[in-house]
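[1] Sharing a sequence plus its predicted fold:
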Amino acid sequence: MYIRCTAVQKELPRIQNYIGGRFVSPIGGKYLDNIEPATGQPYSLVPESDARDVEAAVEAAETVFPEWSRTPAAERSRILLRIADLIERDLEKFARAESTDTGKPLALARSLDIPRASSNFRFFATAILHTENEAHVTDGIAFNYTLRQPRGIAGLISPWNLPLYLLSWKIAPAIAVGNTAIAKPSELTPMTAFLLCEVCREAGLPEGVLNIVHGTGPEVGAAITGHPKIGTISFTGGTVTGRKVAEAGAPLFKKISLELGGKNPNIIFADADFDAAIAGSVRSSFANQGQVCLCGSRVFVERASYEEFVRRFIERVAQLKQGDPLDPETEQGAIVSKMQLEKVKYYVELAKEEGGRIALGGERGPSPNDRCRDGYFFPPTVITGLPVACRVNREEIFGPVVTITPFESEEEVVRYANDVDYGLSSSVWTQNLSRAHRIAEQIHAGTVWINCWLVRDLRVPFGGMKQSGVGREGGEEALRFFTEPKNVCIAR
Ligand code: NDP
């Protein structure tokens, strides 16, 4: 659901597209309301761009590509490091903007989202200084070496849950290796991408290397995925949209990376360190109001400890402070949009129909303050008693809702964990090292955390199996994705 702006709201600040190093209005002159989730009110306007704006961005990106792709790695690195420094310098401004735009707690934006955006630029700025090229000697006949060259224009499409964190995770590797880029943030959360453009300009990033076109998925996103000159697409979002992206790119033989949804298991064995498992599970269930693709929305607890876990988990969750996202004490903020809030409510009602018991939460409490009286709030909700194979346990909710289910054996819980269409991440809590290795091997997920959650080393491969995606991001995987390997064979 897109909310078009009205005449009354025309005085709201306008976000602009960033094309060829200049801030520009959308060619069609149309804007959408940008709503603050904590208040439910529009607070700025975002361009409702279309294919013409994407075309202008392609021209800019194409023009500068020869120069940027030949710029020495040390120079590209220097500019990216400067971007990282400037994000750090402006951390407070970025964090407040992210919190206002998404409804996430300011404390989370300050400690996670914005520092990670800065780290993304720093990481890839330095990674390109330490690359190696493979060489293969063909006995007595030839010598081969591999050139890894930038592919041209990269299209980067990201979701609303971790706006700058995820967009910078794509922008940084794409431009670090010498591509130019056209990025489209979610139209629900465009603000920090807009601020990033100012930083890029100040850092001296040449005009046209990064272009940001704001607007909706069906217009701007589809114009990017269908553009014949944008040969590389890195997409993070829902599985249904991912399918559309794959369909648009396949006939044009684009190189596509898809980071999609999840329905991640969080498995607690009776021998786990319970204090750590409960603290970790509260985070993995409700961080960012459960709107992290890696959240463990299905909690499985070994029968012997089930009652104790449920009791202690609920005690801890009940203490989470829900409030105005801009209050630095707030631990649970607002849901990103009315539509997402309705989706969460729908699944809670469905859980009741499917035989679940609402052990905590389930309906909206009082507003945190007067400013937030029309905001999109929903309390952390814990559901027990559901069958493993019901819809609530199989479909991605992407909100502050977890289910808890007992299990009897390793074999049973592995079956439960894998019994979904998704395969993004998982957590296992146990003190038994052999068991940890056994379970890790058997789980269908791109990431298995043992006795932790969301520990992210930027060098490791990141991505999903099954309907959670295709391809990997992170470290070497990202450098390879955004380059084309070319074998040069020299006869002896
Ligand atoms: P969506 O799939 O709805 O949107 C993602 C992006 O794609 C948005 O920018 C959206 O634009 C755009 N888009 C929509 N339609 C098209 C189209 N036809 N062509 C091209 N682009 C399009 O996801 P959400 O924003 O709702 O984000 C939540 C989802 O993202 C969850 O499923 C979550 O699991 C997943 N996710 C996955 C992660 C991972 O690493 N695997 C990480 C984080 C989230 P618009 O502005 O119109 O919405």
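    It's in.
[2] residues contacting the closest residue to Ser468 other than its chain neighbours?
    Nearest non-adjacent residue to Ser468, counting by C-beta to C-beta, 6 or more residues apart in numbering: Leu424, 3.8 Å away. Heads up, the C-betas are built off the backbone N, CA and C, glycines and all. Going by C-beta atoms under 8 Å, 6 or more residues apart in numbering, Leu424 touches 260-264, 293-294, 445-447, 464-465, 468-469.
[3] rerun at 6 Å
    By C-beta atoms under 6 Å, 6 or more residues apart in numbering, Leu424 lies in contact with 262, 264, 446, 464, 468.
[4] Would you check which of those residues are in contact with the ligand?
    Near the ligand, taking C-beta under 6 Å from any ligand atom as the test, the members of those found are 262, 464.
[5] on that earlier part again, what pLDDT does the model give the residue nearest to Ser468?
    Here the pLDDT value assigned to Leu424 is 98.
[6] and if you look at the one 10 residues further on?
    Per-residue confidence (pLDDT) for Ser434: 98.
[7] Are we agreed that it is in a helix?
    Yes. Per DSSP: H, G, I helix; E, B strand; the rest coil, Ser434 lies within a helix segment.
[8] That one: how many residues sit nearby?
    8 (other C-beta atoms under 10 Å).
[9] Over to Asn288?
    Other residues near Asn288 number 22, with proximity taken as other C-beta under 10 Å.
[10] can you tell me which residues contact it?
    Lys104.
[11] From the ligand, how far out is it?
    Here the criterion is C-beta to the nearest ligand atom, to the nearest Å. By it, Asn288 lies 10 Å from the ligand.
[12] That residue in helix, strand or coil?
    With three-state DSSP as the basis, the three-state label of Asn288 is helix.
[13] Spatially nearest residue to the residue of the stretch 51-200 of the chain found nearest the ligand (excluding sequence neighbours)?
    Residue nearest to the ligand within the stretch 51-200 of the chain: Pro159 (3.0 Å; C-beta to the nearest ligand atom). With sequence-adjacent residues excluded and distances taken as C-beta to C-beta, 6+ apart, Pro159 is closest to Gly237, at 4.6 Å.
[14] Now do the strands in the stretch 101-250 of the chain.
    Under the criterion DSSP state E, counting those that start in this stretch, the stretch 101-250 of the chain contains strands at 135-138, 142-150, 153-157, 180-184, 210-212, 230-236.
[15] Reformat those as TSV; add distance to Ala56 and mean neighbour count.
    What follows is the strands of the stretch 101-250 of the chain, written out as TSV (distance: least, C-beta to C-beta, whole Å; neighbours: other C-beta atoms under 10 Å):
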stretch	distance to Ala56	mean neighbour count
strand 135-138	42	11
strand 142-150	21	15
strand 153-157	13	28
strand 180-184	10	27
strand 210-212	8	28
strand 230-236	13	25
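[16] Could you dump those into a markdown table and include distance to the ligand and mean pLDDT?
    What follows is the strands of the stretch 101-250 of the chain, written out as a markdown table (distance: least, C-beta to the nearest ligand atom, whole Å; pLDDT from 0 to 100):
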| stretch | distance to the ligand | mean pLDDT |
| --- | --- | --- |
| strand 135-138 | 34 | 97 |
| strand 142-150 | 23 | 98 |
| strand 153-157 | 5 | 99 |
| strand 180-184 | 6 | 99 |
| strand 210-212 | 12 | 99 |
| strand 230-236 | 5 | 98 |
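[17] Wait, Thr384 touches Arg357, no?
    Yes. The criterion here is C-beta atoms under 6 Å, and Thr384 meets it with Arg357 at 5.1 Å.
[18] Looking at these two now, which is surrounded by more residues?
    Thr384 (19 against 12).
[19] if I look at the closest residue in space to Phe194 that isn't next to it in sequence, how far off is Ile182?
    Distances taken as C-beta to C-beta, 6+ apart put Ile15 closest to Phe194, at 4.6 Å, once the chain neighbours are dropped. The span separating Ile15 from Ile182 equals 16 Å under the rule C-beta to C-beta, to the nearest Å.
[20] What is the burial count for Val401?
    Using other C-beta under 10 Å, Val401 has 27 other residues around it.
[21] what's across from it in the sheet?
    Thr381 (DSSP bridges).
[22] Could you export stretch 120-132 as CSV, CA atoms only?
    The C-alpha coordinates for stretch 120-132 follow below in CSV (Å, rounded to 0.1, in the frame of the first residue of the first chain):
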residue,chain,number,x,y,z
ASN,A,120,30.7,-2.2,5.8
PHE,A,121,32.5,0.6,3.9
ARG,A,122,35.7,0.1,6.0
PHE,A,123,35.7,-3.6,5.5
PHE,A,124,35.4,-3.6,1.7
ALA,A,125,37.7,-0.5,1.4
THR,A,126,40.5,-2.6,3.0
ALA,A,127,39.5,-5.9,1.5
ILE,A,128,40.3,-4.7,-2.1
LEU,A,129,43.9,-3.9,-1.0
HIS,A,130,44.5,-7.6,-0.1
THR,A,131,43.1,-9.6,-3.0
GLU,A,132,45.0,-12.3,-4.8
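[23] can you give me the offset of it from its chain's centre?
    Distance of stretch 120-132 from its chain centroid, counting by C-alpha atoms, centre = their mean, to the nearest Å, is 21 Å.
[24] how far out from the middle of the chain is stretch 179-198?
    Averaging C-alpha positions (C-alpha atoms, centre = their mean) puts stretch 179-198 14 Å from its chain's average.
[25] buried set for it?
    Going by neighbour count (16 or more other C-beta atoms under 10 Å), the buried part of stretch 179-198 is 179-197.
[26] Those in helices, which ones?
    Those of the buried residues of stretch 179-198 mapping onto helices are 191-197, per DSSP state H.
[27] Next, format the residues you listed as a markdown table and append pLDDT and distance to Arg435.
    Below are these laid out as a markdown table (pLDDT from 0 to 100; distance: C-beta to C-beta, whole Å):
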| residue | pLDDT | distance to Arg435 |
| --- | --- | --- |
| Met191 | 98 | 45 |
| Thr192 | 98 | 42 |
| Ala193 | 98 | 43 |
| Phe194 | 98 | 48 |
| Leu195 | 98 | 46 |
| Leu196 | 98 | 44 |
| Cys197 | 98 | 49 |
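[28] would CSV of those with distance to Val137 be doable?
    Formatted as CSV, those follow (distance: C-beta to C-beta, whole Å):
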residue, distance to Val137
Met191, 53
Thr192, 48
Ala193, 46
Phe194, 51
Leu195, 50
Leu196, 45
Cys197, 47
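[29] pretty sure Gly469 contacts Ser257?
    No. The pair Gly469 / Ser257 is not scored as a contact, 7.7 Å apart, by C-beta under 6 Å.
[30] and the two? which has more neighbours close in?
    Taking neighbours as other C-beta under 10 Å, Gly469 and Ser257 compare with Gly469 leading, 27 against 23.
[31] and that one, what is it in contact with?
    Going by C-beta under 6 Å, 6+ apart, Gly469 touches 258-260, 463.
[32] at 10 Å instead, please
    Contact partners of Gly469, counting by C-beta atoms under 10 Å, 6 or more residues apart in numbering, are 235-237, 239, 242, 257-262, 293, 422-424, 446, 462-463.
[33] Near the ligand, which residues of this structure are found?
    Residues of the chain lying near the ligand (C-beta under 6 Å from any ligand atom): 157-161, 166, 184, 186-187, 216-218, 221-222, 225, 236-238, 241, 244-245, 259-262, 293, 396, 398, 424, 464, 469.
[34] mind running it again at 5 Å?
    Residues of the chain lying near the ligand by C-beta under 5 Å from any ligand atom: 157, 159-160, 186-187, 216-217, 221-222, 225, 236-238, 241, 244, 259, 261, 293.
[35] Quick check: neighbours shared by Thr384 and Arg357?
    Residues touching both Thr384 and Arg357 (C-beta under 10 Å, 6+ apart): Ala351.
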